[in-house]
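[1] Take a look and give me a structure for this.
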Amino acid sequence: MVAVPASHTGWTFITSHARVLAAIADNPNIRIRDIAARCRLTERAVSRIISDLERAGYLSHTREGRTNTYRVEPGKVLRHPAEAGLPVASLLSLLVQDESERTGKPVAS
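    Down below sits the predicted model:
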């Protein structure tokens, strides 16, 4: 079982949606429980975020037995007008690279 780190209070630069998407991009077979621990969110919040991302077309999943395999749509453009059409891949290249450097784990392709 994964230990849940202490929650964070106050504002942050990266949204929970971006964190969840980066966790999935790093490991397409990651469990909701592990995403929650990594992103310091509840499992219920992660489930809602995944639903949001799927409805918006940023993410899809296939069920294989008891496991979900997620697929991120790297060409989908970011929603906010300030990002002016940048693809998800641009955001993930920063977040996933940073995570791999911090943990020393290779980035999943």
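
[2] do you know how far Thr15 is from Asn29?
    The gap separating Thr15 from Asn29 is 23 Å, by CB to CB, to the nearest Å. For glycine as for every other residue, the C-beta is placed from the backbone atoms N, C-alpha and C.

[3] er, Thr67 actually
    6 Å.

[4] same thing with Ile50?
    Counting by CB to CB, the separation of Ile50 from Asn29 is 14 Å.

[5] Overlap of the contact sets of the two?
    Each of Tyr70 lies in contact with both Ile50 and Asn29 under the rule CB atoms under 8 Å, 6 or more residues apart in numbering.

[6] more crowded one of those two?
    A direct count of neighbours by other CB atoms under 10 Å for Ile50 and Asn29 places Ile50 higher, at 21 against 12.

[7] OK, contacts around that one?
    Contacts for Ile50 (CB under 8 Å, 6+ apart) come out as Val20, Ile24, Ile32, Leu59, His61, Tyr70.

[8] repeat for Leu53
    Leu53 makes contacts with His17, Val20, Leu21, Leu59, as judged by CB under 8 Å, 6+ apart.
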